[in-house]
Structure formats: C-alpha cells, structure tokens
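Enquirer: Sequence plus predicted model, see below.
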Amino acid sequence: MSDQKYLFSHLAGVFHTGVFCLREEEVISYEENPEYNPIYKNEPFRLSLAAKADEQSEPAIVKDDFHMFYICVKWEAIYYMMGPLSTRVLSRTQRHGFYHFYGIDKKWEKNLNYRTLMEILQIAGIFTRIITGQEYTDQQLVDANYRAVSSEREQQEQVWFDIKSEDEDIYRHTYQEERRILDAVKEGNVTEAVRLSKVMDVNIGRLGESEVDHWRNLSIVAATLCARAAIEGGVMPAAAYRLSGFYINKITACKDITQILIYRNHAVEELAKRVREKKEKRHTSSYTEQCRDYVYRHYREKIYLDDIADKLGISSSYLSRLFKRETGSSLQDFINNVRVEKAANLLIYSDETLSEIAEYVNFPTQSYFGKIFKQKMQMSPKLYRELHKPVEFYGKEK
C-alpha cells in the first residue's frame, strides 16, 4: 500500500490534479491540499462517479458541464478517483462559476491545467493500469464511455450514404489532388496552395446536408490537414494548431459561404506562409524547435530546463548552450518573451486586471510582470493597454 500511496501522490503532482480513494464512507486524498477539488468537497458528485463505475467493468470517464473530466476505477470494492482534468482554459469568471457550482469557497479557487482529450484518455489508461494491472487502448475507453451510436446503426447509415452519393461522386477529387495542396503548404508555396484549393472546390462531392454545411465541413478539413502539412514543413506544432484552431473557430461560426471560403483560404495561406518564413530563417536543430514548442504549450506553468532536457533525452547544460547558440537568447529570456507576447494580447483584447494577467501567464508577482514587460516593450503594461486597446473593448476601469 505504501508503494501505491507513493504512486498516487506522484500522479497527483505530475498531472496537477486530485487522486482519491473511496473505501466505504472514508475518502483518502493523495494530494497535499484537496480543498479545491469537487471530488473531495462534494459528496453527491463523488457518489455519482462511484455509481457510474458500478455500471461498467471498464474505467468510468465523466465530463461535467464545465468541460472537466473525472476518472473513476472500481477495484475490489474500492473506488479510485482522479480529477478534475480540464479541456478548456477557463476565464476568471468561468473558473469562479465552476468552483461555486460545487460549493467550494472562493479562497480555494486555483487555475487548472489544460489537457487534450487524448491526453486524458492516456492518463485514464495509466491510472487504471496502476490500480488493476489491466491495459485499455484509447479506443476501448471511448467505446466504453461514449456509446452514442451502435456499430450496426453506423453501418446502416454508411450504406445509405453510399447509395445517396450516386456512384461515389463524392470521391471525384483524387488523393493526388489533395496531396498536391498539402505538398504546396509543406513547401511554403503560398500562391500555389491557395490556387489548388480553389481548383479542387469545383470537383469535390457533397460533405453536408446543406450548402453551408458542405463548405463549412470542407473548410474545416482543409485547415486541419494543412496544419499537419505545415508541421511537416517545419512549423512548431503548437503554432500550427493554434493558427488552424483560430480559423476553424471562425469557420464554424460563419453562416455565409463566401466568408467561410475567405477564412479557409486565409488558413491555407497563413500556414503555407509560416512554412516559407521558417525555411527563410537560419536552420535550428530539432532540439531547439522542440524546446520552443514546449514553451509555447506550457508557458502558463512553471518551466524548468531540467524537465525539458529530460523529455528530449539530453543534458540540461547541453540544451542550454545549444539553445543560446542557435537563437541568440537564453531559455529563460525566450520564456519571458512568450509570456510577454501572450500578456500583450490579453491587455488589448480582455478586461482582465494586470494582476490577473500576470497570474494567467505565470509571472510570480504583478511587479515582476511589470518589470519584464517594460524591458521587452519599452513601456509599462498599463500604458501599453491605453495605447493599443480598441475603443470597443473598453469596459470598466482597471
């Protein structure tokens, strides 16, 4: 049991979330301060997780209305629970609403780390293997917890779709045509990538019930595939996914076909442009690129050189020298640059206070945030906001 206690405490620290054991009416926490946690503080919710685990032999994965995920594994009449794991970056207001809903006092509110759904499935698999020794694939976990459509119904719908697609007209555009577009993005050929996208529009089959749905779905697919091509072309994954995510959100919100296609073309163009810019810059090693990518994905957390070096499988001293030689700046300076860049956007496009922005981008204090910001931008955060904030974004005084 002592080994298990150590593992659970380690998991709680690594994944920045709670790990609990429910034995009869006793709740055991494996993190230092569980007061912020709905599993620990809200008994009805805790019991609902246990009830879900009773319904199936596989580990239960539950999502609440705040896009938080929780894992519950039943083993030998004991319930093991983990969570919350957030798939959304919450604003201050959303975060307060989440904690208030579960009856948690405001003084215990804290930021929650963002996780992708794939990461959560992998965490669930690790958690289950530690407890039961059994292994589950991502697909098995999805099938066990999200039985939205039976396989028989899905096959019937697929047959009907084939019948309606009139001799497979939907596949009139060839793999080679699609590949040429992705190659153009991968090579950074902006003009050719956009031209080929427009050419293929003429021949592609129906991808939605209505005309708007068709073009929206087509454009989302294009932005997704082009992001992957841009990554193959050397763009950092975090940057490529962030850019494609922006355009996918814009496309999803559009009801006008013309505007959808404009955003689609902008997505293809911008991703190809990022590749071209990357190729025009001097070459850097994959270690440096992976290091940059790590910072962009984790800038809201504490970042340690040793952690990145361990992840890359090299020594921290070597990584430090390599990063400095290839970029001309230290890793800490690059981290500060990224945090200031993100903070500058928040100063312009949000009404968050300076202290809230400093906390969000993980500066330890508002004064330190102001000092670093002024070094990078040659002005204070307050003045930067006053000079750059659009009139329509002004709300209450900060």
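Expert: That came through, no problem.

Enquirer: Doesn't Leu85 belong to a strand?
Expert: Yes - applying DSSP: H, G, I helix; E, B strand; the rest coil, one finds Leu85 inside a strand.

Enquirer: Quick check: closest non-adjacent residue to it.
Expert: Once flanking residues are discounted, Leu85 sits nearest to Phe69: 4.5 Å by CB to CB, 6 or more residues apart in numbering. All C-beta atoms are positioned from the backbone trio N, CA, C, and that covers glycine.

Enquirer: now Lys389
Expert: Ile348 (5.3 Å).

Enquirer: right, and the helix or strand after the helix or strand hosting the one you found?
Expert: Assigned by DSSP states H and E, Ile348 belongs to helix 331-349. Sequence-wise, the next helix or strand downstream of helix 331-349 (DSSP H and E) is helix 354-360.

Enquirer: Can I take it that Phe20 is in a strand?
Expert: Yes - under three-state DSSP, Phe20 falls within a strand.

Enquirer: what residues are up against it?
Expert: Val27, Ile28, Ser29, Tyr30, Pro34, Asn37, Ile39, Tyr40, Arg46, Tyr80, Met81, Met82 (CB atoms under 8 Å, 6 or more residues apart in numbering).

Enquirer: Leaving out sequence neighbours, find the closest residue to it.
Expert: Met81 (4.6 Å).

Enquirer: For burial, what's the neighbour tally of the one you found?
Expert: Neighbour count of Met81, defined by other CB atoms under 10 Å: 25.

Enquirer: which SS state does the residue nearest to Leu85 fall under?
Expert: Secondary structure, three-state DSSP: Phe69 is strand.

Enquirer: picking that back up, for the residue nearest to Phe20, give me its contacts.
Expert: Gly18, Val19, Phe20, Cys21, Leu22, Ile39, Arg46, Leu49, Tyr70, Ile71, Cys72, Val73.

Enquirer: Run through who's touching whichever strand or helix holds His96.
Expert: For His96, the host element (DSSP H and E) is helix 92-101. Residues from elsewhere that reach helix 92-101 (CB under 8 Å, 6+ apart): 36, 65-66, 68, 88, 90, 105-106, 108-109, 111-112, 352, 356.

Enquirer: of all those residues, which comes closest to Ser315?
Expert: Asn111 (31.3 Å; CB to CB).

Enquirer: Touching, the closest one and Lys302? I think so.
Expert: No - here Asn111 does not reach Lys302: they are 11.9 Å apart, not a contact under CB atoms under 8 Å.

Enquirer: Looking at those two now, which is surrounded by more residues?
Expert: The residue with more neighbours, out of Asn111 and Lys302, is Asn111; 16 against 8, by other CB under 10 Å.

Enquirer: ok but that one is inside a strand, no?
Expert: No - going by three-state DSSP, the assignment for Asn111 is coil, not a strand.

Enquirer: give me the number of residues near Ile303?
Expert: By other CB under 10 Å, 20 other residues sit near Ile303.

Enquirer: Model confidence for it, exactly?
Expert: pLDDT, Ile303: 92.

Enquirer: residues in contact with it?
Expert: By CB under 8 Å, 6+ apart, Ile303 lies in contact with Tyr294, Val295, Ile335.

Enquirer: Correct me if wrong, but it is in a helix.
Expert: No - going by three-state DSSP, the assignment for Ile303 is coil, not a helix.

Enquirer: For it, what are phi and psi?
Expert: phi -120, psi 130 (degrees, to the nearest 10).

Enquirer: gap between it and Lys311?
Expert: For Ile303, the distance to Lys311 equals 11 Å [CB to CB, to the nearest Å].

Enquirer: ditto for Pro364
Expert: Noted for Pro364: a distance of 23 Å to Lys311, by CB to CB.

Enquirer: List the buried residues for the helix holding Ile348?
Expert: 331, 333-336, 338-340, 342-344, 346-347 (16 or more other CB atoms under 10 Å).

Enquirer: Spatially central residue in the protein, please.
Expert: Central residue of the chain (CA atoms, centre = their mean): Thr116, 4.8 Å from the mean position.

Enquirer: my guess is it contacts Leu85, does it?
Expert: No - Thr116 sits out of contact with Leu85 when judged by CB under 8 Å, with a separation of 9.9 Å.

Enquirer: Flag the shaky bits of the protein, pLDDT-wise.
Expert: Confidence mapping of the chain against pLDDT under 70 gives the ranges 1-4, 147-177, 199-209, 280-285, 390-398.
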